[in-house]
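A.B. asks: Got a sequence here, can you model it:
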Amino acid sequence: MDRRSLLAIALTFLILLGWQALFVAPKQRELALKRQIEQREAQRADSLAALERRAAKEDTLPVARVQDTTRAATPVAGAATFLAAGEPESAPARITVVTEKMKVVLSSEGGEVESVTFSEFKNRDGAAVEIVPPGAEGALVLGLQQDGVWKKLSRTGFETLVDGVSVADSALVALGQGRDSAMVLFRRSGPSGEYIERRYAFSRTGYAVGVGIMLRREGEMARCTAYSVGWESGMALTESNRRLEEMKFAALGMVGGELYQAPMAKFGRDTVRAHEGTIVWAGARTKYFLSALIAQEKSRGSGTLALQGNRSKSYIGYSIAFPFRGDPRHVEDSYTWYVGPLDMKALKSFGVGLERTIDLGRWLRFLSLGILKLMIWMERFIPNYGVIIIILSILTKLLFYRLTHKSFKAMKDMQRIQPKLKEIQEKYKGDRDRQNKEVMKLYKEAGVSPLGGCLPLVLQMPVFIALYNVLSNTIELRRAPFVSWINDLSVPDKLFGWHASVPFIGNEFHLLPVLMGAAMIYQSKLGGSPTGEGVPASQTKMMTYLMPVIFTIFFYGMPSGLVLYWLVNNIFSIVQQYYAQREIESEEAARLNAAK
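C.D. replies: Numbering: from 1, shown residues only. Below is the predicted model of the structure:
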């Protein structure tokens, strides 16, 4: 066995070990955590259902305009306790706002977000997707820097108004059927003129919420030198595969014209990455969903963007802070809070580069975008992304048909000159330089390129990688079914499962990668032996089976849509190779007859 074969085998085992460490071992940890997550989600769903039943008993609040709310606010007794959390005198008011797209629960404690669920997107258990982790606080938390110390207002009580009507208890606000918008306002005032106001403006459609912050720096607040707002609750897991989803967790932001992003895996000892400049937006992203705060143009100023993450706690978040320059008495800023799916069209409509939060690769992003747009366009006529993937695979084969045909001919030519190559290797085995020169001379005389057989595969790799980006990271393909057991093209196809975890396989059987491996073995046998002999050499026979096994293991955890693409590609390659070989053999027979 020559040195190249030994090197190939060594690399093969490295791939196998890497696959075991990166894909199989984490699955075992995933199983243990999965039940805990499901239990917490079930408890949260029961709590929210109880809240809705209680809120449903109340009358729907009327629509009204808020008039001079700063004067109407109830003062807080004692200037020294204005920013202190303290013990609430009564249970916090919870406002549940239901739109056509989502349900948002707000609390009078801090005027923060407690829950966000999307009616259009479901978990595998059928429940609506929730992006706020159970029991977490700090979703759109407001902070004030006083005497050099940051104070978060998560436990600070606020008076609550909905469309100008004071609410002391929980309330349900349902938009639709003649009610297109609602304003939820939280305010807090002090005896020395201190005042804080937080506003949430909801519309019936879409995933955008208007957010406003107004501060009056009087009394105790005169010592405040900056304010911050951020998403410090983290992001909840929404998919069944924890490891694959956490790989996509990232904190992002736009400062000036530059995009900053920090994947959760990059956070080690440092849990905060700060960037100074004109802040345009900041966001926290999961695999399919985003919570982003976009500063309105008049509110964009020089501040600090803090990207936050903690790998060990599966945490990702952000905050933006603005200093009070010029010692203003009155501060008022406006934002747009986007909370929803990573939808290309919706994100692009904001015109601030928010669509760049979708992970479509860096160097091949243009190709991924092209494939995504093509698939979305085709879905208008073919309502099945599995069929669309098959069509894309066929179109790719047609595009590279002539090149693939030439590669088959190049492989046959390599088989034809194998005897001469062996003679050169034996004749000049002690002189490596002379051997290489003679081999290149033989290639030139025979008109053969040693890399000709690999070229079609190399050229198809960008398409393959771009399709992987689309299948793995776009909301359009999330839970997109194909047929039968392939009910989600964005994850591996599960034919059946078992309790114990098997090395390299886990606890699920995925059929598509096995079919793909079988097709590769058949294709290898159809190609014949590169030695030109009737029976393959022992090392060739080993590689004939070993490479398909490696590819099967490599593809075993890939999205089923990607494996489907490659399986169809292999099937059509087999058909093309069969007819190409017959054509080449006919040409060789004609050439031999002409030489007689």
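
A.B. asks: where's the closest residue to Asn570 other than its chain neighbours, which helix or strand?
C.D. replies: Of all residues not flanking Asn570 in the chain, Ala519 sits nearest, at 4.2 Å (C-beta to C-beta, 6 or more residues apart in numbering). Just so you know, the C-beta spots here come from the backbone N, C-alpha and C atoms, and that holds for glycine as well. If you go by DSSP states H and E, Ala519 is part of helix 511-527.

A.B. asks: tell me which residues of that helix are tucked away?
C.D. replies: Residues 511-517, 519-520, 523-524, 527 are the ones in helix 511-527 that count as buried (16 or more other C-beta atoms under 10 Å).

A.B. asks: now these as TSV including distance to Arg223 and pLDDT?
C.D. replies: Compiled in TSV, the buried residues of helix 511-527 are given as follows (distance: C-beta to C-beta, whole Å; pLDDT from 0 to 100):
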residue	distance to Arg223	pLDDT
Leu511	66	94
Leu512	64	95
Pro513	63	94
Val514	68	94
Leu515	69	94
Met516	66	92
Gly517	69	91
Ala519	72	91
Met520	70	88
Gln523	75	82
Ser524	76	79
Gly527	79	63
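
A.B. asks: Which residues does the helix holding Ala519 contact?
C.D. replies: Contacting residues not belonging to helix 511-527 are listed as 411, 485-486, 492-493, 495, 544-545, 547-549, 551-553, 555-556, 558, 560, 563-564, 566-567, 570-571, 573-574, 577-578, 581 [C-beta atoms under 8 Å, 6 or more residues apart in numbering].

A.B. asks: Pull out the buried residues from those.
C.D. replies: When these are checked for burial by 16+ other C-beta under 10 Å, the buried set is 411, 486, 492-493, 544, 547-548, 551-553, 555-556, 558, 560, 563-564, 566-567, 570-571, 573, 577, 581.

A.B. asks: can you tell me which of the residues you listed are in helices?
C.D. replies: 411, 544, 547-548, 551-553, 555, 560, 563-564, 566-567, 570-571, 573, 577, 581 (DSSP state H).

A.B. asks: so Val502 bridges to which residues?
C.D. replies: Per DSSP bridges, the residues bridged to Val502 are Gly506.

A.B. asks: how close does it get to Gly230?
C.D. replies: 43 Å (C-beta to C-beta, to the nearest Å).

A.B. asks: Ok, Glu100 next?
C.D. replies: 27 Å.

A.B. asks: Out of these two, name the residue with the larger neighbour count.
C.D. replies: Gly230 (23 against 12; other C-beta atoms under 10 Å).

A.B. asks: Can you read off the pLDDT for the more buried one?
C.D. replies: Residue-level confidence at Gly230 comes out at 95, pLDDT.

A.B. asks: which stretches of the chain have low pLDDT?
C.D. replies: 1-81, 84-90, 449-453, 527-543, 595-596 (pLDDT under 70).

A.B. asks: Helices of that one, start to end?
C.D. replies: 3-19, 25-56, 69-72, 242-246, 344-348, 365-379, 385-399, 401-416, 418-427, 432-446, 455-473, 511-527, 538-555, 560-595.

A.B. asks: The ones you listed: which one's closest to Ala284?
C.D. replies: Smallest distance to Ala284 across the helices of the chain (C-beta to C-beta): 12.9 Å, for helix 242-246.

A.B. asks: helices and strands around that closest one, which ones?
C.D. replies: Using 3 or more C-beta pairs under 8 Å, 6 or more residues apart in numbering; DSSP states H and E, the elements in contact with helix 242-246 are helix 25-56.

A.B. asks: how many neighbours does the nearest residue to Tyr318 once chain neighbours are set aside have?
C.D. replies: Excluding the flanking residues, the one nearest Tyr318 by C-beta to C-beta, 6+ apart is Ala282, at 4.2 Å. By other C-beta under 10 Å, the residues close to Ala282 number 29.

A.B. asks: Same question for Ala265.
C.D. replies: Neighbours of Ala265 (other C-beta under 10 Å): 13.

A.B. asks: neighbours around the nearest residue to it once chain neighbours are set aside, how many?
C.D. replies: Sequence neighbours aside, Arg311 is the residue nearest to Ala265 in space, at 6.0 Å (criterion: C-beta to C-beta, 6+ apart). Number of residues near Arg311 (other C-beta under 10 Å) recorded here: 16.

A.B. asks: same question, Leu546
C.D. replies: Leu546 has 14 neighbours, counted by other C-beta under 10 Å.

A.B. asks: for Arg273, same thing?
C.D. replies: Counted with other C-beta under 10 Å, the neighbours of Arg273 add up to 18.

A.B. asks: Dig out what it forms beta bridges with.
C.D. replies: When assigned by DSSP bridges, Arg273 has beta-bridge partners Leu307.

A.B. asks: OK, contacts around it?
C.D. replies: Arg273 neighbours (C-beta under 8 Å, 6+ apart): 251, 260, 262, 267, 306-307.

A.B. asks: Enumerate every residue touching the nearest residue to Ile358 once chain neighbours are set aside.
C.D. replies: Closest residue to Ile358 apart from its sequence neighbours, by C-beta to C-beta, 6+ apart: Leu342 at 4.9 Å. By C-beta under 8 Å, 6+ apart, Leu342 lies in contact with 285, 288-290, 357-358, 473-475.

A.B. asks: Keep only those of those that are in strands.
C.D. replies: Judged by DSSP state E, the contacts of Leu342 include 285, 289-290 as members of strands.

A.B. asks: Dump these into JSON lines; add distance to Pro134 and neighbour count as well.
C.D. replies: Converted to JSON lines, the ones in strands among the contacts of Leu342 look like this (distance: C-beta to C-beta, whole Å; neighbours: other C-beta atoms under 10 Å):
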{"residue": "Arg285", "distance to Pro134": "20", "neighbour count": "24"}
{"residue": "Phe289", "distance to Pro134": "16", "neighbour count": "24"}
{"residue": "Leu290", "distance to Pro134": "20", "neighbour count": "25"}
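
A.B. asks: Would you convert those into JSON lines that also reports distance to Val113?
C.D. replies: JSON lines is the format used below for the ones in strands among the contacts of Leu342 (distance: C-beta to C-beta, whole Å):
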{"residue": "Arg285", "distance to Val113": "17"}
{"residue": "Phe289", "distance to Val113": "14"}
{"residue": "Leu290", "distance to Val113": "14"}
